[in-house]
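Engineer: Sequence and predicted structure, then a few things I'm wondering about:
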Amino acid sequence: MPDNSKCVYCGSTNWGTGCAYSATRIHYHPNDPSRCRYCNSPNYGSGCQLNPPTGIHVHGVGGNVCVYCASPNMGSGCHINPMKKMVRSESPQKMPFLRIQIMVKYIS
Ligand SMILES: [Zn+2]
Ligand SMILES: [Zn+2]
Ligand SMILES: [Zn+2]
């Protein structure tokens with residue numbers, strides 16, 4: 001049984017900054033659909049303090065709903081995801097890459 005409460009990078013049960021293995025130093029918990037993978041909040045939408053520069057809460061995968069907006073719909077039309085796509089599963093490997101792309105856009 002996977003332990004949803006542990007950071008996938010370091011195995012810690014902590015949240016927030018201080019992760020020794022994450023590129024962003026933020027613990028990452030992508031396997032619990034009931035809360036934000038960055039900040040442990042049950043909220044959706046903007047307001048995430050630990051997911052700069054977008055500031056969007058992104059829930060963990062595993063539920064049959066979009067990780068951004070909790071909609072049961074699939075395909076396009078997500079009003080929270082910057083890509084406008086409903087996302088149910090997102091491999092942890094893809095996220096740093098996506099983050100880098102966003103950062104580059106943000107800086108240039
Ligand atoms: Zn960690
Ligand atoms: Zn959050
Ligand atoms: Zn959505």
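Structural biologist: Now that the structure is in, tell me what you want to look at. Ligands and ions are numbered 1, 2, ... in the order given.
Engineer: May I ask which helix or strand of this protein has the lowest mean pLDDT?
Structural biologist: In the chain, the helix or strand scored least confidently by mean pLDDT, DSSP states H and E is helix 94-107, which has a mean of 52.
Engineer: Close to ligand 2: what parts of the protein are there?
Structural biologist: Residues of the chain lying close to ligand 2 (C-beta under 5 Å from the ion) are 36, 38-39, 41, 48, 57. From N, CA and C alone the C-beta is placed, and that goes for glycine too.
Engineer: ok, S41 - contacts?
Structural biologist: 35, 47-48, 57 (C-beta atoms under 8 Å, 6 or more residues apart in numbering).
Engineer: Pull out the buried residues from stretch 77-93.
Structural biologist: Counting neighbours by 16 or more other C-beta atoms under 10 Å, one finds that the buried residues in stretch 77-93 are 78, 80-81, 86-88, 90.
Engineer: Now distance to ligand 3 too, for those, in CSV please.
Structural biologist: CSV is the format used below for the buried residues of stretch 77-93 (distance: C-beta to the ion, whole Å):
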residue, distance to ligand 3
C78, 3
I80, 6
N81, 5
M86, 5
V87, 7
R88, 9
E90, 12
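Engineer: TSV for the residues you listed, including secondary structure and pLDDT?
Structural biologist: TSV is the format used below for these (DSSP: H, G, I helix; E, B strand; the rest coil; pLDDT from 0 to 100):
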residue	secondary structure	pLDDT
C78	coil	97
I80	coil	97
N81	coil	95
M86	coil	95
V87	coil	94
R88	coil	92
E90	coil	64
